[in-house]
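S.K.: got a predicted model here, sequence first, then my questions.
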Amino acid sequence: MPIPTEPIGSIPRPPELIEGMRQFAAGRISQDDMRSLYDRATHDTIQRFEATGSPVITDGEQTKPSFATYPIHGLETLAPGGVTIPFADGHTRQLPRLTAGPFHYGTYAAQFLDEARKHTRLPVKQAVISASALSLLYPQDGLPGYSKETFLDDLVREAEQDIRRCLTRGAYNVQIDFTEARLSVKLDPSKQLLGAFVALNNRVLERFTAAERQRIGVHTCPGGDQDSTHSADVDYADLLPGLFELKVGNFYIQLASEKDRGRVLRIIKEHASPSQKVFVGVIDPINPRIETPEEVRDRVLEAAEVIPLSQLGTTDDCGFAPFADDTSTARDTAFAKIRARVAGTKLAAKALGV
């Protein structure tokens, strides 16, 4: 497409898959039963993604327990009681905490990519969790015989492998989910925490060549779970200058649900370098109303007044169901919104003569 457009990642799971996950957790169905449910959900998701006309697709993260915890799912060196993330509607999500080292991933995202590519010939992008998000697993009071510095060294190595395996196995590109970035500014207005997160993620990114980093991107949003957010009240002016210090080629930025999109676009233009592509959010997954292609077109044209066309792409503000149990958005609604994004981006390209 003249103006590139990509999804963020997650799609609401089919009801039978969500129920199957509950049954499996309770020991009522077998691993083979779960594999069959996962395979059917992935196949159906990719078929429906292809039907939207999206030039780049994902597997909808159908087999991930969540966008954040897939690498550590099932590890024995974890315990409850980690960092709690509060959302505006009052619900929370809680990370586990690490109980011993050395730290390693139990699952790499390339596993999901391999399965997805069996079902399609279209380019498949793969989302991975940021090293900064997983750094929150380390307990504040430390671990005997396993320093935080050693943990971070292990984490950086594992995060690099997570990305590199996806690139070498044919991912169209790799998107680092960095939704804790905006939250970090809320937790620490001095922005020292944000600076530490950016520095840690850059430790990972510096292990890649400049050409490889053009196939790596970062996604930021104020969190999106059960139709609520955790940091939408944080001013983008406090986040974006630090965010653009990340050494990646692509940025996927929530924008459709922002109150003053024009102001945010001007901040983006000020801080994005000419070599960086900016995918602006033109679809709000939290709003149940399905955008029209014409609304999307107008949002793209608004962005094109500020961002050079050579750097502009479109995306969704966030994934539609980043946690496996999130049923706040209907599956049909998610795909209708994606169709609107694709069609609206095409309308904008036509209006711009590209």
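M.R.: Done, it's in. Residues are numbered from 1 along each chain as shown.
S.K.: hey, where'd the strands end up in this structure?
M.R.: Here the chain has its strands, by DSSP state E, at 78-79, 84-86, 92-94, 97-98, 126-129, 174-177, 216-220, 250-253, 277-283, 312-316.
S.K.: could you dump these into JSON lines and include mean pLDDT, distance to Gln62 and mean neighbour count?
M.R.: In this view, the C-beta of every residue, glycine as well, is placed from N, C-alpha and C. Formatted as JSON lines, the strands of the chain follow (pLDDT from 0 to 100; distance: least, Cβ to Cβ, whole Å; neighbours: other Cβ atoms under 10 Å):
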{"stretch": "strand 78-79", "mean pLDDT": "96", "distance to Gln62": "23", "mean neighbour count": "15"}
{"stretch": "strand 84-86", "mean pLDDT": "93", "distance to Gln62": "23", "mean neighbour count": "15"}
{"stretch": "strand 92-94", "mean pLDDT": "94", "distance to Gln62": "19", "mean neighbour count": "13"}
{"stretch": "strand 97-98", "mean pLDDT": "98", "distance to Gln62": "27", "mean neighbour count": "20"}
{"stretch": "strand 126-129", "mean pLDDT": "98", "distance to Gln62": "12", "mean neighbour count": "26"}
{"stretch": "strand 174-177", "mean pLDDT": "98", "distance to Gln62": "16", "mean neighbour count": "26"}
{"stretch": "strand 216-220", "mean pLDDT": "98", "distance to Gln62": "18", "mean neighbour count": "25"}
{"stretch": "strand 250-253", "mean pLDDT": "98", "distance to Gln62": "20", "mean neighbour count": "26"}
{"stretch": "strand 277-283", "mean pLDDT": "98", "distance to Gln62": "20", "mean neighbour count": "26"}
{"stretch": "strand 312-316", "mean pLDDT": "98", "distance to Gln62": "17", "mean neighbour count": "26"}
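S.K.: next, format those strands as a markdown table and append distance to Ala324.
M.R.: Formatted as a markdown table, the strands of the chain follow (distance: least, Cβ to Cβ, whole Å):
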| stretch | distance to Ala324 |
| --- | --- |
| strand 78-79 | 17 |
| strand 84-86 | 16 |
| strand 92-94 | 12 |
| strand 97-98 | 21 |
| strand 126-129 | 14 |
| strand 174-177 | 15 |
| strand 216-220 | 18 |
| strand 250-253 | 21 |
| strand 277-283 | 21 |
| strand 312-316 | 18 |
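S.K.: closest one to Thr229 among those strands?
M.R.: Using Cβ to Cβ as the measure, strand 84-86 is the one of the strands of the chain that comes nearest Thr229, at 10.7 Å.
S.K.: can you name every helix or strand that that closest one contacts?
M.R.: Applying 3 or more Cβ pairs under 8 Å, 6 or more residues apart in numbering; DSSP states H and E, one finds that strand 84-86 contacts strand 92-94.
S.K.: list the strands paired with the strand it packs on, with their directions.
M.R.: Here strand 92-94 is paired, per DSSP bridges, with strand 84-86 (antiparallel).
S.K.: measure the closest residue in space to Glu206 that isn't next to it in sequence to Asn202 for me?
M.R.: Leaving aside its chain neighbours, Glu206 sits nearest to Lys247 (6.6 Å; criterion: Cβ to Cβ, 6 or more residues apart in numbering). From Lys247 across to Asn202, the span is 5 Å (Cβ to Cβ, to the nearest Å).
S.K.: check Asn287 too.
M.R.: With Cβ to Cβ as the criterion, Asn287 and Asn202 are 34 Å apart.
S.K.: could you do Pro189 as well?
M.R.: 22 Å.
S.K.: any idea how far Asp154 is from the residue most central in space within the chain?
M.R.: Centroid-nearest residue in the chain, with Cα atoms, centre = their mean: Asp177, separated by 3.8 Å. Relative to Asp154, Asp177 is positioned 20 Å away (Cβ to Cβ).
S.K.: any idea which of the strands of the chain gets closest to Ala159?
M.R.: strand 126-129 (7.6 Å).
S.K.: what sits up against that closest one?
M.R.: Strand 126-129 has contacts (Cβ atoms under 8 Å, 6 or more residues apart in numbering) with 8-10, 58, 61, 67-71, 109-110, 112-113, 116, 159, 162-163, 166, 171, 173-177, 219, 319.
S.K.: do that again at 7 Å, thanks
M.R.: Strand 126-129 has contacts (Cβ atoms under 7 Å, 6 or more residues apart in numbering) with 9, 58, 61, 67-68, 71, 109, 112-113, 162-163, 166, 171, 174-177.
S.K.: centre of the chain to it, how far?
M.R.: Its chain's C-alpha centre and that of strand 126-129 lie 6 Å apart, by Cα atoms, centre = their mean, to the nearest Å.
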